[in-house]
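A.B. asks: Based on what follows, work out the 3D shape:
(2 chains)
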Amino acid sequence: MSATENTPRNMLDKIWNEHVVHAPTTGPAVLYIDLHLVHEVTSPQAFEGLRLAQRPVRQPARTLATPDHNVPTSDRSLPIADPISRKQIETLRENCAEFGVQLFDIGDVRQGIVHVIGPENGYTQPGMTIVCGDSHTATHGAFGSLAFGIGTSEVEHVLATQTLLQFKPKTFELRVDGELSKGVTAKDMILYLIGQIGTAGGTGYVLEYTGDCVRALSMEERMTVCNMSIEAGARAGMIAPDQTTFDYLRDKPESPKDFEAAVERWRHLPSDPGATYDRSNVYQGKDIEPQVTWGTNPGQVLSVTASTPNPSDFSDPTDQKTTQDSLDYMDLKAGTPIQDIKIDRVFIGSCTNARIEDLRAAAAVVKGHHVSSDVNAMVVPGSGKVKEHAEREGLDKVFKEAGFDWREAGCSMCLAMNPDKLAPGERCASTSNRNFEGRQGKGGRTHLVSPAMAAAAAVEGHFVDIRDWAYKS
Amino acid sequence: MKAFTVHSGVVATMNRANVDTDQIIPKQFLKRIERTGFGQFLFYDWRFQDDGTTPNPDFELNQDVVKDASILVARQNFGSGSSREHAVWALDDYGFRSVIAPSFADIFYNNCFKNGVLPIVLPDADIDELFKRAENAPYQLTVDLENQVVRDESGFERSFEVDPSRRENMLQGLDDIAQTLLVEDKISAYEAARTW
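C.D. replies: Here you go, the predicted model:
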């Protein structure tokens, strides 16, 4: 199809076309990558590959590294106890020094979860192509960029060539009209959408979130939505940039020096009127209630007012088996009301929900309350900067007075690579993004919720409907 | 990358949908800085009992008849979740050369082609048929990338789709980076022309 100036183009078309370096008649395009984020877990083998082939990093200035997956969130003055974790973080340090890549290391206030630090420092900008060896790279699409996760072979490819071989994905518009009800958050919106289209519903697509409900979201809320695109099977999710985006970026350290010129350029990014998508679904904000996952994938999600399903609710034998397997793993009976499920642990953190607005929302719930005596609860800020910001606002005191652990920045118990993990059989209300078997520790059971819902569950010891919460100011 | 042309081997089946990469290779094994040696940890939490060393007798891959399996047949959305390429490294290191399923997660599918492990998509009905035939274990299949065909010795023969460029790279075991660097002048020209 020839795209003339008069052919309406969607946002993906525009960003894609601007980044094609080479488009052979068959096979994938060579796509330029504007920003490459690197962390300790998926990069060592890529740097080793460069060394073996005697290749440099082509664009160190477009590459930014930080340790996040493996870092302890306890006392940072102590050495890392696990020798293999320590070695991996030291390897990142050595690789960055050898190849000239900027590193926000432990001890630097800018260290944090890679998907938190990119946006908060202004590296993430509209119209960019952004990749990282991490599936939650979709987060950055909140700014109207094409951002997606890649494997380690591709990390090496980007380091060596600043490009990737890519087939153009299809586009899938998820439009949410109207308004969200009080107490319903961006996290509930994305969990609801994943529940609607399923964990493979977005496979092969870039999701574009549109509609009044999406436009009304803050940048941090938009990041929460885009972050979980991969849980619907989509490598990328995006939201068109608007005044909210520009206002967020205006004072960030790495934002363009000629900011107004950049804004002028970014204003052309949103899909043109009349532009089409390969698929479009429309939802109503008023239909979305606070969400809680009950099973072992993020598509197994229900409203807080619902009860766990019965395998016989499904006709397909694979669905029946999957439902039964999930109930068994989660140690839940069919027909259990969500609000009867008691929890042992609460985790507020992760690239999905560890930014300042998330911590404010959770703190507002726990203020004047105390964590249930049956529950162990922790807050892990998304970055050193988020932590500092929260402490300036006194949120750390609110959490600590309520009985929460207040930790240093990192991925922590979202994936439990560091010492923060569930014991077998423990049940956790978590603001993270995956409820897979063993994700937060072997035998652990994860329920995904919003920060406010997690905080309320910490206080009550079981899930409650946040819309009924008695806030104490 | 090692080349893949034709492979014949024993089939193992895994009757589970949405097998995610956290199951294929749990996080505690992602701390290694090498590409090799991940096979011993493949499906670790399912494969071993709580002591981490005693094989779980109920787990699919621990059955004697599939202990030398090199082709895995699974259900939809295989390889979902985390982008960790370690999942493919673990399958490869364990001895799997091909995974056949009704659908794959995008990142996993892509990672397979970077490592000479061939992911094959077949319709649900064909997967059901393979599950049925594999009950008579050991069951042997031939995966022929050259001719884009999966067949057994008793009449099952299905063609499969694969992108021609991916097929070519895999047949020849080509290195993507070296391929891309053939157009390095275009990358330089693109960088020079960028005004923002």
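A.B. asks: switch to C-alpha atoms for all contacts and neighbour counts from now on
C.D. replies: Fine.
A.B. asks: how would you label residue A:302: helix, strand or coil?
C.D. replies: In three-state terms, and counting by DSSP: H, G, I helix; E, B strand; the rest coil, residue A:302 is strand.
A.B. asks: Help me confirm that it comes into contact with residue A:291.
C.D. replies: Yes - Residue A:302 lies in contact with residue A:291 (C-alpha atoms under 8 Å); the separation is 5.5 Å.
A.B. asks: Identify the contacts common to those two.
C.D. replies: Common contacts of residue A:302 and residue A:291, defined by C-alpha atoms under 8 Å, 6 or more residues apart in numbering or on different chains, comprise residue A:192.
A.B. asks: Please determine whether the lengthiest helix in chain A lies in contact with chain B.
C.D. replies: Ranked by residue count, the top helix of chain A under DSSP state H comes out as helix A:83-99. Yes - counting by C-alpha under 8 Å from any C-alpha of the partner chain, chain B is contacted by helix A:83-99 at A:84-85, A:88.
A.B. asks: Closest to residue B:119 out of the residues you listed?
C.D. replies: Residue B:119 has its nearest neighbour among these in residue A:88, at 30.0 Å by C-alpha to C-alpha.
A.B. asks: okay, now the closest one: neighbour count?
C.D. replies: Residue A:88 has 23 neighbouring residues, counting by other C-alpha atoms under 10 Å in any protein chain shown.
A.B. asks: What pLDDT is listed against it?
C.D. replies: pLDDT recorded at residue A:88 is 95.
A.B. asks: and it, how far is that from residue A:80?
C.D. replies: 11 Å (C-alpha to C-alpha, to the nearest Å).
A.B. asks: number of nearby residues for residue 20?
C.D. replies: Since no chain was named, I'll use chain A. Look at residue A:20: counted by other C-alpha under 10 Å, it has 19 neighbours.
A.B. asks: Correction: the question concerned chain B.
C.D. replies: Residues contacting residue B:20 under the criterion other C-alpha under 10 Å number 22.
A.B. asks: Output the longest helix of chain A as PDB, nothing but the C-alphas.
C.D. replies: What follows is helix A:83-99, C-alpha atoms only, in PDB (Å, rounded to 0.1, in the frame of the first residue of the first chain):
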ATOM      1  CA  PRO A  83      27.500 -14.700  45.200                       C
ATOM      2  CA  ILE A  84      25.800 -15.400  41.900                       C
ATOM      3  CA  SER A  85      23.700 -12.300  42.100                       C
ATOM      4  CA  ARG A  86      26.700 -10.300  43.100                       C
ATOM      5  CA  LYS A  87      28.700 -11.600  40.200                       C
ATOM      6  CA  GLN A  88      25.900 -10.700  37.700                       C
ATOM      7  CA  ILE A  89      25.700  -7.100  39.000                       C
ATOM      8  CA  GLU A  90      29.500  -6.800  38.900                       C
ATOM      9  CA  THR A  91      29.400  -8.200  35.300                       C
ATOM     10  CA  LEU A  92      27.000  -5.400  34.300                       C
ATOM     11  CA  ARG A  93      29.300  -2.900  35.900                       C
ATOM     12  CA  GLU A  94      32.400  -4.200  34.100                       C
ATOM     13  CA  ASN A  95      30.500  -4.400  30.800                       C
ATOM     14  CA  CYS A  96      29.300  -0.900  31.000                       C
ATOM     15  CA  ALA A  97      32.800   0.400  31.800                       C
ATOM     16  CA  GLU A  98      34.400  -1.600  29.000                       C
ATOM     17  CA  PHE A  99      31.800  -0.600  26.300                       C
END
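A.B. asks: got the contact list for the helix or strand just after it?
C.D. replies: As assigned by DSSP states H and E, the chain's next helix or strand after helix A:83-99 is strand A:102-103. For strand A:102-103, contacts defined as C-alpha under 8 Å, 6+ apart pick out A:60-61, A:63-66, A:93, A:96.
A.B. asks: continuing past strand A:102-103, what's the next helix or strand?
C.D. replies: Heading C-terminal from strand A:102-103 (DSSP H and E), you reach helix A:114-120.
A.B. asks: Which neighbouring elements make contact with the helix or strand that that next one is followed by?
C.D. replies: Counting by DSSP H and E, the next helix or strand C-terminal to helix A:114-120 is strand A:129-132. Counting contacts by 3 or more C-alpha pairs under 8 Å, 6 or more residues apart in numbering or on different chains; DSSP states H and E, strand A:129-132 packs against strand A:35-38, strand A:146-149.
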